[in-house]
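Colleague: I'll drop the sequence and a predicted model, then ask my questions.
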Amino acid sequence: MTAADTSTVYYDPYDIGINADPYPTYARLREEAPAYYNDRHDFWVLSRHADVEKALVDWKTFTNTRSDILDIIKADIELPPGVILFEDPPIHTMHRGLMSRVFTPRRMAALEDQVRQFCASCLDPHVGSSGFDIITELGSMLPMRVIGMLLGIPEQDQEAVRDRTDANLRTEAGKPMVVKEDQVASGDMFADYIEWRAKNPSDDLMTTLLNAEFDDEHGVTRTLTRPEVNTYAAVLAGAGNETTGRLIGWLAKLLAEHPDQRRQIVEDRSLIPRVIDETLRFEPTGHSVARCTTQDVEYHGRTIPAGSPVLLSMASANRDPRRYTNPDVYDIHRDDIQHLTFGFGLHFCLGASLARLEGKVALDELLNRFPEWDVDYSGMELAPTTTVRGWDHMPIVLT
């Protein structure tokens, strides 16, 4: 590598103190070390919006094939086939095309009434109370219920699936994730259900995956094997679970801290889509994705060597003053509300429309019942995970 760091800034995704409020560190990275190297854990960070956006589309230089999670790249394990998060074209193109059949506008629209009914069932018991924990009562419940609706997982099994996928992402405070090969996108928990669904087809995602025909990388027209269906189901269950639940927590916190904007939303629900995207920009649920370089690449006078793990910090990019006006201000009326939280380019999150739907409906139903609330900071707990940033507990106080 060239041009060693002259800045004293230190960034470590496992550092509890940094994770409590990473934005001052991100600001220093952007200004002092835009191509930052952490020699303790041996990874690089790109933090400016233009650099992150460019790297996200340059899959030939920044490959996904070693995973998009730093801990998994560092573990250097053999990854299971068929996980679109861990693929580049042309295989990624084939698998993404197959997965896109799941996230159709028709299927997403058909979910809204069910999502709304579930939100109502979670929130109605708290009408007239002094408050409740919005994470345990709604945020941790809704995403898995929605994935269950899509996959057709029986309701009695959904919490067990959620708990297992959550456990695979949890870390010991201050330490990297312990990665085991059999935990990465493991769909074993779905095996029995998949066999049952194959014999009892329905109008759900699992039936679609079982029956969809596609041309594989060898030009053979076929359907997915059972292990491939297992993997797809595990990816869907894991990717949509933690992230959307964290979004609901951030919506509650930020709108408690910005009551004037919240009151505007109470009066004008057409603002909700803007609220969702400004929240995703300001407090993204996933702060970074990892890539591995396939060749030496130059950034800001430094050479990132081939084979290096690189964190692309969307959270830092989302607050880059080179891209946004007053980026550290939460403003649902801003003109530059676009963000990189869902990624950019060929790995743009397939579930983005689903996450927006869940956030929109949850916020709408919350405001229908509780137009005013505060948060109890003393009872709030950040989740112990480096892959997403959000809350395990957030008591809200109804006023």
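Modeller: Noted; the coordinates are in hand. Residues are numbered from 1 along each chain as shown.
Colleague: Give me the secondary structure label for the nearest residue to Arg269 once chain neighbours are set aside.
Modeller: Of all residues not flanking Arg269 in the chain, Asp364 sits nearest, at 6.1 Å (C-beta to C-beta, 6 or more residues apart in numbering). Where you see a C-beta, it was placed from the backbone N, CA and C, and this is true even at glycine. Classification of Asp364 using DSSP: H, G, I helix; E, B strand; the rest coil returns helix.
Colleague: Surely Asp364 and Ile272 touch.
Modeller: Yes: counting by C-beta atoms under 8 Å, Asp364 touches Ile272, with 6.2 Å between them.
Colleague: who has more neighbours, the two?
Modeller: Neighbours per residue, other C-beta atoms under 10 Å: of Asp364 and Ile272, the larger number sits with Ile272, 19 against 14.
Colleague: wait, doesn't that one sit right on Lys360?
Modeller: Yes: using C-beta under 8 Å, Ile272 is in contact with Lys360, at 5.2 Å.
Colleague: hmm, who's touching stretch 220-237?
Modeller: Applying C-beta atoms under 8 Å, 6 or more residues apart in numbering, the set of residues contacting stretch 220-237 from outside is 80-85, 98-99, 102, 144, 147, 150-151, 161-162, 165, 185-191, 194-195, 205-206, 209-216, 351.
Colleague: Next, the contact list for Asn318, please.
Modeller: By C-beta under 8 Å, 6+ apart, the neighbours of Asn318 are 49, 281-282, 284, 324, 327, 339-341.
Colleague: Could you give the backbone dihedrals for it?
Modeller: phi -70, psi -10 (degrees, to the nearest 10).
Colleague: Work out for me the element the most centrally placed residue in the chain sits within.
Modeller: Central residue of the chain (C-alpha atoms, centre = their mean): Thr243, 4.0 Å from the mean position. Element membership of Thr243 [criterion: DSSP states H and E] is helix 242-257.
Colleague: now the angle from whichever helix or strand comes after that helix to helix 242-257?
Modeller: With elements assigned by DSSP H and E, the helix or strand that comes after helix 242-257 is helix 259-267. Helix 259-267 runs at 110 degrees relative to helix 242-257, counting by axes from the mean of the first three to the mean of the last three C-alpha atoms, to 10 degrees.
Colleague: among the contacts of Asn318, who's most crowded?
Modeller: So for the contacts of Asn318 (other C-beta under 10 Å), the most neighbours sit at Pro284, 27 neighbours.
Colleague: Which residues are in contact with that one?
Modeller: 314-315, 318, 339, 341, 389.
Colleague: Which single one of the residues you listed is nearest to Ile135?
Modeller: Arg389 (13.4 Å; C-beta to C-beta).
Colleague: Count the neighbours of the nearest residue to that closest one once chain neighbours are set aside for me.
Modeller: In this structure, Arg389 finds its nearest non-sequential neighbour in His287, 5.4 Å apart by C-beta to C-beta, 6+ apart. Residues contacting His287 under the criterion other C-beta under 10 Å number 22.
Colleague: check contacts around His287.
Modeller: 13, 22, 313-316, 388-389.
Colleague: what about Pro227, distance to Ala233?
Modeller: 11 Å (C-beta to C-beta, to the nearest Å).
Colleague: Compare neighbour counts for those two and give me the winner.
Modeller: Ala233 (25 against 15).
Colleague: how close does the more buried one get to Gly148?
Modeller: In terms of C-beta to C-beta, Ala233 sits 11 Å off from Gly148.
Colleague: for Leu205, same thing?
Modeller: Distance from Leu205 to Gly148, by C-beta to C-beta: 10 Å.
Colleague: And the two? Which one has more around it.
Modeller: Ranked by neighbour count (other C-beta under 10 Å), Leu205 and Gly148 place Leu205 first, with 23 against 20.
Colleague: Need the nearest residue in space to that one, chain neighbours excluded.
Modeller: Going by C-beta to C-beta, 6+ apart, Leu205 has Leu150 as its nearest residue, at 4.4 Å.
Colleague: so what's the one you found up against?
Modeller: Counting by C-beta under 8 Å, 6+ apart, Leu150 has contacts 102, 107, 111, 204-205, 236.
Colleague: Report the lowest-confidence entry in those residues.
Modeller: Note: of the contacts of Leu150, the lowest pLDDT belongs to Val102, at 72.
Colleague: dump the residue contacts of the residue nearest to Val102 when sequence neighbours are not counted.
Modeller: Here the nearest residue to Val102 in space, its sequence neighbours aside, is Leu205; by C-beta to C-beta, 6+ apart that works out to 5.1 Å. Shown in contact with Leu205 (C-beta under 8 Å, 6+ apart): 102, 107, 150-152, 236.
Colleague: try Ile135
Modeller: Applying C-beta under 8 Å, 6+ apart, we find Ile135 in contact with 245, 248-249, 391-394.
Colleague: so of the contacts of Leu205, which ones are in strands?
Modeller: Here DSSP state E is the test, and the contacts of Leu205 give no hits in strands at all.
Colleague: Save the residues you listed as a markdown table, and put in distance to Asp296 too.
Modeller: Formatted as a markdown table, the contacts of Leu205 follow (distance: C-beta to C-beta, whole Å):
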| residue | distance to Asp296 |
| --- | --- |
| Val102 | 38 |
| Arg107 | 44 |
| Leu150 | 42 |
| Leu151 | 43 |
| Gly152 | 47 |
| Leu236 | 36 |
